[in-house]
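K.L.:
Here is a sequence together with a model predicted from it:
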Amino acid sequence: MIHLYAFAKNLRSLPVERGVEGSPLEVCEVEGATAVVSRLQATPLQTTHEALIRHGLVVEALLDHADSLLPVRFGERFDDEDGIAAAARRLRPDVRSRLDSLEGCVEVGVRVVDPRREEPAVRAPDGTGYMHAELELSRARDRMVRALHAPLDENASASAVGAPGAGGVVHTASYLVRREAVPAFTRLVDGYAATHPQLTVVCTGPWAPYSFAGEAEAAA
Amino acid sequence: MSVAERTPLQEQVTLLELVDRVLNKGVVLSGDITLSVADVDLVYVGLRVLLSSVGTLDRLRNEVTA
């Protein structure tokens, strides 16, 4: 059973990293790109914490060993190299095009938490007043998020914004940033955090460009 | 004890971000993978500013190897 981690362009060497279940990393050439894989016993897929972290650490380690990296979601396993090639051929755009579009870029993750979002709703004398107050609160929150997202988006090659989440998360997004632009990008986040002390601003990365790997699309 | 239980907060956040990406993002070839873990958002409550880095990943790597 072959576990697939990522496709790479111009992979210079393999990192000193063990794969899932301690398996050694290998490469195979697929559709004009290099697939980084490891061989495992043919057992049902185990979604253990250790396996997930192993997969993630391999992908992150590869980031510094190639000109471009296309991360593969955890759980892609194949009987042999032909199986990988057949699956890769169905991708549109193809693997090579995706790698070209990601060259020189990394992903930076940003989440903003507004603890007040979890607090009881605004007080108002009646239903109409309540709805107006809620609407105003929502608009103010949107403006607050836009004040962060707009400059970040301007300084990124692409962005992927997720829906607000639980726990007061009002903004969750990933930005595709050129490697050399990461320090300036994180300074923008720092600056925003400094002027919004009421918020929790979490910036992580640089990551392999998971959020910009593109969706699978069956060939017509 | 799991890796998440024995690592400091910054490393736990990095770990959750990593697992979120590994499970929910990245290219899908076979299209039939349905895995999930608990929503990672809740962990951010009460944090201030946190800038994760490659150094944090290196520490995580040591943790998972230990």
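P.N.:
That came through fine.

K.L.:
What is the longest helix of chain B by residue count?
P.N.:
Criterion DSSP state H: the longest helix present in chain B is helix B:9-24.

K.L.:
Which other helices and strands does that helix contact?
P.N.:
Packing partners of helix B:9-24 (3 or more C-beta pairs under 8 Å, 6 or more residues apart in numbering or on different chains; DSSP states H and E): helix A:49-62, strand A:200-207, helix B:3-6, helix B:54-65. In this view, the C-beta of every residue, glycine as well, is placed from N, C-alpha and C.

K.L.:
Comparing those, which yields the minimum mean pLDDT?
P.N.:
Between the helices and strands packed on helix B:9-24, the lowest average pLDDT goes to helix B:3-6, which shows a mean of 45.

K.L.:
residues of the longest helix of chain B that come out buried?
P.N.:
Using 16 or more other C-beta atoms under 10 Å in any protein chain shown as the test for burial, helix B:9-24 gives B:10-24.

K.L.:
Can I get it as CSV, trimmed to CA atoms?
P.N.:
Provided in CSV are the C-alpha atoms of helix B:9-24 (Å, rounded to 0.1, in the frame of the first residue of the first chain):
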residue,chain,number,x,y,z
LEU,B,9,0.0,26.2,24.1
GLN,B,10,1.8,27.6,21.1
GLU,B,11,2.7,24.1,20.0
GLN,B,12,-0.8,22.9,20.5
VAL,B,13,-2.2,25.7,18.3
THR,B,14,0.4,24.8,15.6
LEU,B,15,-0.5,21.2,16.0
LEU,B,16,-4.2,21.9,15.6
GLU,B,17,-3.6,24.1,12.6
LEU,B,18,-1.4,21.3,11.1
VAL,B,19,-4.1,18.6,11.7
ASP,B,20,-6.8,20.9,10.3
ARG,B,21,-4.8,21.3,7.1
VAL,B,22,-3.9,17.7,6.8
LEU,B,23,-7.5,16.5,7.2
ASN,B,24,-9.5,19.2,5.5
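
K.L.:
Return the residues in contact with A:Phe78.
P.N.:
A:1-2, A:4, A:84, A:87 (C-beta atoms under 8 Å, 6 or more residues apart in numbering or on different chains).

K.L.:
partner residues bridging it?
P.N.:
Judged by DSSP bridges, the bridge partners of A:Phe78 are A:Ile2.

K.L.:
swap in A:Leu176?
P.N.:
In beta-bridge terms (that is, DSSP bridges), A:Leu176 pairs with A:Glu107, A:Ala158.

K.L.:
Got the confidence number for A:Gly32?
P.N.:
88.

K.L.:
That one - how many residues pack around it?
P.N.:
13 (other C-beta atoms under 10 Å in any protein chain shown).

K.L.:
Excluding residues flanking it in the chain, which one is nearest it?
P.N.:
A:Arg96 (4.6 Å; C-beta to C-beta, 6 or more residues apart in numbering or on different chains).

K.L.:
Alpha carbons only: can I get the helix or strand where that neighbour lies in PDB?
P.N.:
Assessed by DSSP states H and E, A:Arg96 sits inside helix A:95-102. What follows is helix A:95-102, C-alpha atoms only, in PDB (Å, rounded to 0.1, in the frame of the first residue of the first chain):
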ATOM      1  CA  VAL A  95      -0.700  18.400 -11.300                       C
ATOM      2  CA  ARG A  96       2.000  20.200 -13.300                       C
ATOM      3  CA  SER A  97      -0.200  23.300 -13.800                       C
ATOM      4  CA  ARG A  98      -1.100  23.400 -10.100                       C
ATOM      5  CA  LEU A  99       2.600  23.200  -9.100                       C
ATOM      6  CA  ASP A 100       3.500  26.000 -11.500                       C
ATOM      7  CA  SER A 101       0.800  28.200 -10.000                       C
ATOM      8  CA  LEU A 102       2.100  27.600  -6.400                       C
END
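
K.L.:
neighbouring contacts of that helix?
P.N.:
In contact with helix A:95-102 (C-beta under 8 Å, 6+ apart) are residues A:7-9, A:30-33, A:68-70, A:88, A:91, A:93, A:176, A:209, A:212-214, B:27.
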